[in-house]
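Asks: Show me how the following folds:
(one chain, ligands or ions: 1)
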Amino acid sequence: MSLMKLDVAKSGVVITPEMKAAAQKANELLHSGEGAGNDFLGWVNLPSSIDAEQIAAIEAQAAKLREKAEVVICIGIGGSYLGAKAVIEAMSNSFEFLNKKHANPTVVFAGQNISEDYTHELLEATKEYSVAAIVISKSGTTTEPAIAFRLIKAELEKRYGKAEAAERIVAITDAARGALKTLATQEGYPTFVIPDDVGGRFSVLTPVGLLPLAVAGIDIKALVAGAQAMEKATAADVAVEENLAAQYAIVRNELYKAGKKVEILGSYEPKLQYVAEWWKQLYGESEGKDGLGIFPASVTLTADLHSMGQYIQEGERTLFETIISVENAKHTVTVEAEEANLDGLNFLAGKRISEINKMAELGVRLAHIDGGVPQLCIEIPAIDETSIGALIYFFEKACGISGYILGVNPFNQPGVEAYKKNMFALLDKPGYEEESKAIKARL
Ligand code: PA5
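Replies: Model prediction:
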């Protein structure tokens, strides 16, 4: 079974030798470390560098949390949140919340917003369960997770006492720097390190993603194996004809040059909704700079055909679509024939729901092509750990290549600082006195 298929035939882009050469060069730069942002290339060979010992350490820590807690609160934002959220959503039963006998602890998230109601409801809802927490921040200084952690730490210490709380909290952060590192050392929390050379949005295959996933009962070995296979399949010595990440990077850049400024990532599997959220962060933060970059958007289908479908079909012609198509459903549900046929659906009798879904997918693809929306299709065999691991690395590699083709440094995010400065000034953070005066004069 192939890891993944990529169909770019309906994109209208014909890949030329020049385009291939540019993508090949970009991929080589990622491997040689001679391109922009080269101190953040630790993700390139990350899957193949994960050894059995690292997996065992993560699984052992996960087992301790699984034993102690019915609910594990995972605290983080951006790259310290979206990867775990995406894989857990993809791998979980959509109706797990109705299941009274959970086989795995429920992983919930905090620190990805500053909503008072969200925070209150989380603290209230988890009161009747035994709780543990994983706090994740590479910089160790990000405000949103720091606030959430202060509250959750206090709650755990109130409930279990300081010593037991320290057994129920795991910190994932920088090896040496940041407030979270200082706090974790002082409180004696078990700690995992985010490698210096792996940026937040490329960190899902480090303990940042792997620990919450192992807690949730996901097979992280298979996830990593999928990523390892994709690492091989997109290596610097793989020709562009065989390298799907290079092809995807080429086609999206050509479409961008042709005026297609928005890429919509769509899927007919609602479980993949957060994979699209993770992808949006990966591409948005990596490429959206210097006045450049495709705007990454997403839809979940067929639901969004009844909201965004009209725009995609007939709105501004600045869009192209990339569909993640899933070859095999895990379960079988068939439409039965009915004698009365009052709903007129007997023409579907005997068909699996996945066959109907596939025809919707094909029909929409052709309609959107007719409407001037170029189409790319990434097909994965199934929603399982191996395929998702491969998909993660595919998107990461394509993002690095694509950013270099575009001519930006895909590994920084200078624009994220602007809001922080304003927020700190408005909140009178010590050290921001001048900014405080200036911003308040603007209100
Ligand atoms: O990709 C990135 O670097 C960012 O999105 C970070 O992941 C995000 O800002 C969270 O940062 P930190 O892990 O330092 O709290």
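
Asks: The stretch 51-200 of the chain against the ligand: which residues are in contact?
Replies: Residues of the stretch 51-200 of the chain lying close to the ligand by CB under 6 Å from any ligand atom are 77-80, 137-139, 142, 145, 199-200. In this view, the C-beta of every residue, glycine as well, is placed from N, C-alpha and C.

Asks: Filter the residues you listed down to the buried ones, PyMOL style.
Replies: Buried members of these, defined by 16 or more other CB atoms under 10 Å, are picked up in PyMOL with:
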select buried, resi 77+78+79+80+137+138+139+142+145+199+200
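
Asks: Report the two of the residues of the stretch 51-200 of the chain next to the ligand separated the most.
Replies: Greatest spacing in these, by CB to CB: 145 and 199 (16.5 Å).

Asks: sorry, back to before: among the residues of the stretch 51-200 of the chain next to the ligand, which ones are in helices?
Replies: If you go by DSSP state H, these have residue 145 in helices.

Asks: if I pick residue 439, what's in contact with it?
Replies: 422, 425-426 (CB atoms under 8 Å, 6 or more residues apart in numbering).

Asks: Pull out the buried residues from those.
Replies: residue 425.

Asks: In CSV: the contacts of residue 439, plus distance to residue 342, pLDDT and secondary structure.
Replies: Formatted as CSV, the contacts of residue 439 follow (distance: CB to CB, whole Å; pLDDT from 0 to 100; DSSP: H, G, I helix; E, B strand; the rest coil):
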residue, distance to residue 342, pLDDT, secondary structure
422, 59, 93, helix
425, 64, 93, helix
426, 60, 94, helix
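
Asks: Export the contacts of residue 439 as TSV, with columns for distance to the ligand.
Replies: Formatted as TSV, those follow (distance: CB to the nearest ligand atom, whole Å):
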residue	distance to the ligand
422	16
425	19
426	19
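
Asks: Which single residue of the stretch 101-250 of the chain ends up nearest the ligand?
Replies: Using CB to the nearest ligand atom, the point where the stretch 101-250 of the chain gets nearest to the ligand is residue 200, with a distance of 2.1 Å.

Asks: That residue contacts residue 82, doesn't it?
Replies: No. The criterion here is CB atoms under 8 Å, and residue 200 misses it with residue 82 at 9.2 Å.

Asks: Low-confidence regions, the protein specifically.
Replies: 1 (pLDDT under 70).

Asks: how's it carved up into domains?
Replies: For the chain, automatic domain parsing gives the domain ranges 5-38+225-414, 46-223.

Asks: Next, format those as JSON lines and append distance to residue 435.
Replies: Shown next, in JSON lines, are these (distance: least, CB to CB, whole Å):
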{"stretch": "domain 5-38+225-414", "distance to residue 435": "17"}
{"stretch": "domain 46-223", "distance to residue 435": "15"}
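
Asks: Of these, which is nearest residue 436?
Replies: domain 46-223 (15.9 Å).

Asks: just how off-centre is stretch 52-63 within its chain?
Replies: Relative to the chain's own centre, stretch 52-63 is displaced by 22 Å; criterion: CA atoms, centre = their mean, to the nearest Å.

Asks: and what of stretch 416-428?
Replies: On CA atoms, centre = their mean, the centre of stretch 416-428 falls 26 Å from that of its chain.

Asks: send the alpha carbons of that stretch over as PDB?
Replies: Extracted C-alpha coordinates of stretch 416-428, given in PDB (Å, rounded to 0.1, in the frame of the first residue of the first chain):
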ATOM      1  CA  VAL A 416       3.600  37.400  16.200                       C
ATOM      2  CA  GLU A 417       5.400  39.900  18.600                       C
ATOM      3  CA  ALA A 418       3.300  42.900  17.600                       C
ATOM      4  CA  TYR A 419       0.200  42.000  19.500                       C
ATOM      5  CA  LYS A 420       2.200  40.900  22.500                       C
ATOM      6  CA  LYS A 421       3.800  44.300  22.900                       C
ATOM      7  CA  ASN A 422       0.500  46.000  22.800                       C
ATOM      8  CA  MET A 423      -1.100  43.600  25.200                       C
ATOM      9  CA  PHE A 424       1.700  44.000  27.700                       C
ATOM     10  CA  ALA A 425       1.500  47.800  27.400                       C
ATOM     11  CA  LEU A 426      -2.200  47.800  27.900                       C
ATOM     12  CA  LEU A 427      -1.800  45.500  31.000                       C
ATOM     13  CA  ASP A 428       0.900  47.700  32.500                       C
END
